[in-house]
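S.K.: Here's a sequence, model it:
(4 chains)
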2 protein chains.
Amino acid sequence: MPSRQQKGNCLNLTKETRCMTCSLSSLCLPLSLNLEDIDQLDRIIKRRQPLKKGEHLFRQGDSFDCVYAVRSGSLKNYIMTNDGEEQITNFHLPSEMVGLDGIDCSSYPVSSRALETTTVCEIPYSRLQELSNELPDLRKQMFSSLSKEIRDDKQMMLLLSKKNAEERVATFLANLSARFKRRGYSPYTFRLPMSRNEIGNYLGLAVETVSRVFTRFQTSQIIAVNGKEVHITDRQQLLEIAGLSECEAETGAKLVAS
Amino acid sequence: MPSRQQKGNCLNLTKETRCMTCSLSSLCLPLSLNLEDIDQLDRIIKRRQPLKKGEHLFRQGDSFDCVYAVRSGSLKNYIMTNDGEEQITNFHLPSEMVGLDGIDCSSYPVSSRALETTTVCEIPYSRLQELSNELPDLRKQMFSSLSKEIRDDKQMMLLLSKKNAEERVATFLANLSARFKRRGYSPYTFRLPMSRNEIGNYLGLAVETVSRVFTRFQTSQIIAVNGKEVHITDRQQLLEIAGLSECEAETGAKLVAS
DNA sequence: CGATAGTTTGATATAGGTCAAGCAATGTGG
DNA sequence: CCACATTGCTTGACCTATATCAAACTATCG
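M.R.: Numbering: from 1, shown residues only, chains lettered A, B, ... in the order given. Now for the predicted structure:
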């Protein structure tokens, strides 16, 4: 049983309380922070109670005071059109940072909600900023995260403005595959944490189109789908359709939102 | 005649050599830098020889060593699809920063080329980084620029995935209008620095569609177009079609790529 | 002033959206 | 633990916004 050591909805788990022992740290802190630096960062991080499916981590317009790293589960980020429709701008898997794009506003520019039961590390921004004043490596890492997000966004624009339905779905699957691989999971078999509807929303397609492309890919033996379980049968062809070279797929360079 | 005081293609103009006296400084340095800070920044900035129409400021893959501020003219940034097509990701008008998205790579992730004769201020990144270590305000400003770009990119994704042709063109014109206004020019009458083709490329539309929307808007008395000259006749309706509230248009908040 | 590139307009084709219906999975209360 | 409801997924039929193709017209440039 974890002991409550912090106020509010933050609690310290007895295990995995430290960045240094966290299995994800090599991914969410790819900067070469030395041990002391990690220790300092560690002290300002809070582990929050898990979010249940559908709960918000934060809402567009909420006052910006923390950034987050996903520990387990997954999140979708989205903005609202002025007629109330949602536009998903990103999905976030474990080890990925969330909320950095609010960094110069007083409030979050997007909403973020859990796709399933999800745990996150919470980093109070004021503390992070103080700390980054002292740690050039940490600062560099923050710039990196931001500029990576920009590069990914440009690739997403390309996808939305030039790619057809099959290319979009193939790119999406290849991207997820690379992200699972990065975390040490199979890049061939994984479970989609989001619904077809959410995939369509994100890719600028109708649900029906996503569904049809899935069945078409299945018919051509590129993937095997069973509900949310996906198995990639012909990775080569998937990458080809996505319009990605082997190398791009490996590095995740041209992959969207990784 | 400007005197050559620096090596290579950089030269110091006798006038407007200083940020402090530059008419754009309030826009490209909206941070509240004190006079000393501006002076320090000033010393590391180089004014380059004008780029002629079609010349590259930098190419995707070039080694990243400078960021830029547009002084006059305009630029388009674009990435290449793997089949050689270009996807324009942004247009840059005077006072706007270019190249920040290369910040954590060794090379620029996009290409940038002049749409017309264009002058820029060049800021060597290594120097900027050193300086930002000392000036928290400058650092804050850099984070601001990056996170603003991310927010704009999200809006662009929304445009590309949810808006129809008329909404896209209206959004584009409203955005340009706000940017001209910001620089002290008329928000009602301005000259498009880019071709219809480039507008279409940027907005994910065929040239023909852009042209047709322009004529439709003209027929409904929303704008008057003569070649590249645009006059906005019915701003209210333009904003309505764009799906922007008056307030959003004023602040440029939801406007793409400003 | 002819050539070349950019723009407009019309005619036609099509990818993907929308609507509708059935089916599968998941959740809920008795 | 099981009916039943709700939500998500798939498939088919049809429609429409926009792409594509073609041609004329207009600016721009050497």
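
S.K.: Can you list the buried residues in stretch A:136-151?
M.R.: By neighbour count on 16 or more other CB atoms under 10 Å in any protein chain shown, the buried set for stretch A:136-151 is A:138-143, A:145-151. For glycine as for every other residue, the C-beta is placed from the backbone atoms N, C-alpha and C.

S.K.: Which residues of the stretch 101-250 of chain A lie near chain B?
M.R.: A:101-105, A:109-110, A:133, A:136, A:139-140, A:142-144, A:146-151, A:153-158, A:160-162, A:201, A:203-204, A:243-245, A:248 (CB under 8 Å from any CB of the partner chain).

S.K.: residues touching A:Ile123, list them.
M.R.: Residues near A:Ile123 by CB atoms under 8 Å, 6 or more residues apart in numbering or on different chains: A:Leu41, A:Ile44, A:Ile45, A:Lys46, A:Cys66, A:Val67, A:Tyr68, A:Ala69.

S.K.: Neighbours of the second one, how many?
M.R.: Right, the one you point to is A:Ile44. 15 (other CB atoms under 10 Å in any protein chain shown).

S.K.: so who does it touch?
M.R.: A:Ile44 sits in contact with A:Ile123, A:Pro124, A:Arg127, A:Leu128, A:Leu131, where contact means CB under 8 Å, 6+ apart.

S.K.: Look up how far B:Ser195 lies from it.
M.R.: Counting by CB to CB, to the nearest Å, the gap from A:Ile44 to B:Ser195 is 51 Å.

S.K.: same thing with the third one?
M.R.: From A:Ile45 across to B:Ser195, the span is 50 Å (CB to CB).

S.K.: Just the CA trace of stretch A:104-122, in CSV.
M.R.: Extracted in CSV, the C-alpha atoms of stretch A:104-122 (Å, rounded to 0.1, in the frame of the first residue of the first chain):
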residue,chain,number,x,y,z
ASP,A,104,4.6,30.3,-22.7
CYS,A,105,0.9,30.7,-22.0
SER,A,106,-0.9,31.0,-18.8
SER,A,107,-3.1,28.2,-19.9
TYR,A,108,-3.0,24.9,-21.7
PRO,A,109,-3.8,25.3,-25.4
VAL,A,110,-5.2,21.7,-25.7
SER,A,111,-7.1,19.3,-23.6
SER,A,112,-5.7,15.9,-22.6
ARG,A,113,-7.7,13.0,-21.5
ALA,A,114,-7.1,9.3,-20.7
LEU,A,115,-7.9,6.7,-23.3
GLU,A,116,-7.6,4.0,-20.6
THR,A,117,-6.4,3.9,-17.0
THR,A,118,-3.3,6.0,-17.0
THR,A,119,-0.6,7.1,-14.6
VAL,A,120,1.6,10.1,-15.1
CYS,A,121,4.5,11.9,-13.5
GLU,A,122,3.7,15.5,-12.7
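
S.K.: Is any residue of that stretch near DNA strand D?
M.R.: No: Stretch A:104-122 does not reach DNA strand D (CB under 7 Å from any atom of the strand); its nearest approach is 10.7 Å.

S.K.: Show me which of the buried residues of stretch A:136-151 is closest to B:His92.
M.R.: A:Ile150 (14.2 Å; CB to CB).

S.K.: Can you tell me which residues in chain A are near DNA strand D?
M.R.: A:195-197, A:207-208, A:210-212, A:214-215, A:225, A:227-228.

S.K.: middle-most residue in chain A, spatially?
M.R.: Centroid-nearest residue in chain A, with CA atoms, centre = their mean: A:His92, separated by 1.9 Å.

S.K.: Quick check on that residue: phi, psi?
M.R.: phi -120, psi 120 (degrees, to the nearest 10).

S.K.: distance of the closest residue in space to it that isn't next to it in sequence from B:Lys162?
M.R.: With sequence-adjacent residues excluded and distances taken as CB to CB, 6 or more residues apart in numbering or on different chains, A:His92 is closest to A:Leu75, at 4.3 Å. As defined by CB to CB, A:Leu75 lies at a distance of 21 Å from B:Lys162.

S.K.: Between these two, which has more neighbouring residues?
M.R.: Neighbour count, other CB under 10 Å: between A:Leu75 and B:Lys162, A:Leu75 has more, with 26 against 18.

S.K.: Show me the beta-bridge partners of that one.
M.R.: A:His92, A:Ala114 (DSSP bridges).

S.K.: go on, A:Val230?
M.R.: Note on A:Val230: beta-bridge partners by DSSP bridges are A:Phe190, A:Val225.

S.K.: residues touching it, list them.
M.R.: By CB under 8 Å, 6+ apart, A:Val230 lies in contact with A:Leu173, A:Thr189, A:Phe190, A:Arg191, A:Leu192, A:Ile223, A:Ala224.

S.K.: Checking my notes, A:Gln155 in a strand, right?
M.R.: No: checked against DSSP: H, G, I helix; E, B strand; the rest coil, A:Gln155 lies outside a strand; its state is helix.

S.K.: Please list all residues in contact with A:Lys181.
M.R.: Contacts of A:Lys181 (CB under 8 Å, 6+ apart): A:Pro187.

S.K.: where's it, which helix or strand?
M.R.: Per DSSP states H and E, A:Lys181 falls inside helix A:165-182.

S.K.: Now that helix: buried residues?
M.R.: For helix A:165-182, by 16+ other CB under 10 Å, it's A:165-181.

S.K.: now do stretch A:114-123
M.R.: For stretch A:114-123, a neighbour-count test (16+ other CB under 10 Å) marks A:Ala114, A:Leu115, A:Glu116, A:Thr118, A:Thr119, A:Val120, A:Cys121, A:Glu122, A:Ile123 as buried.

S.K.: is that stretch up against DNA strand C anywhere?
M.R.: No: using CB under 7 Å from any atom of the strand, we find that stretch A:114-123 stays clear of DNA strand C, coming within 9.4 Å at best.

S.K.: Let me see the ranges of the helices in chain A.
M.R.: Ranges of helices within chain A are A:25-28, A:35-44, A:125-134, A:136-162, A:165-182, A:196-203, A:207-219, A:235-242, A:246-251, based on DSSP state H.

S.K.: for the third one, packing partners?
M.R.: What that stands for is helix A:125-134. Other helices and strands packing on helix A:125-134, by 3 or more CB pairs under 8 Å, 6 or more residues apart in numbering or on different chains; DSSP states H and E, are helix A:35-44, strand A:66-72, helix A:136-162.

S.K.: which residues of the stretch 151-258 of chain A score low on pLDDT?
M.R.: A:246-258 (pLDDT under 70).

S.K.: do stretch A:54-61 and chain B meet?
M.R.: No: using CB under 8 Å from any CB, we find that stretch A:54-61 stays clear of chain B, coming within 10.5 Å at best.

S.K.: list the buried ones in that stretch?
M.R.: Using 16+ other CB under 10 Å as the test for burial, stretch A:54-61 gives A:Leu57, A:Phe58, A:Gln60.

S.K.: Quick one: distance of it to the chain centre.
M.R.: Stretch A:54-61 has its C-alpha centroid displaced from the chain centroid by 15 Å (CA atoms, centre = their mean, to the nearest Å).

S.K.: Can you get me the start-to-end distance on it?
M.R.: Distance across stretch A:54-61, first residue to last, is 18 Å (CA to CA, to the nearest Å).

S.K.: and it with DNA strand C, contact?
M.R.: No: judged by CB under 7 Å from any atom of the strand, stretch A:54-61 stays clear of DNA strand C, getting no closer than 10.7 Å.

S.K.: which one of the contacts of A:Val230 is nearest chain B?
M.R.: For the contacts of A:Val230, the minimum distance to chain B (CB to the nearest CB) is 17.3 Å, reached by A:Leu173.

S.K.: Against DNA strand C, how distant is the closest one?
M.R.: 16 Å (CB to the nearest atom of the strand, to the nearest Å).

S.K.: Next, count neighbours for the closest residue to that residue other than its chain neighbours.
M.R.: The shortest distance from A:Leu173 to any non-neighbouring residue, by CB to CB, 6+ apart, is to A:Leu238 (6.2 Å). Close neighbours of A:Leu238, defined as other CB under 10 Å, add up to 21.
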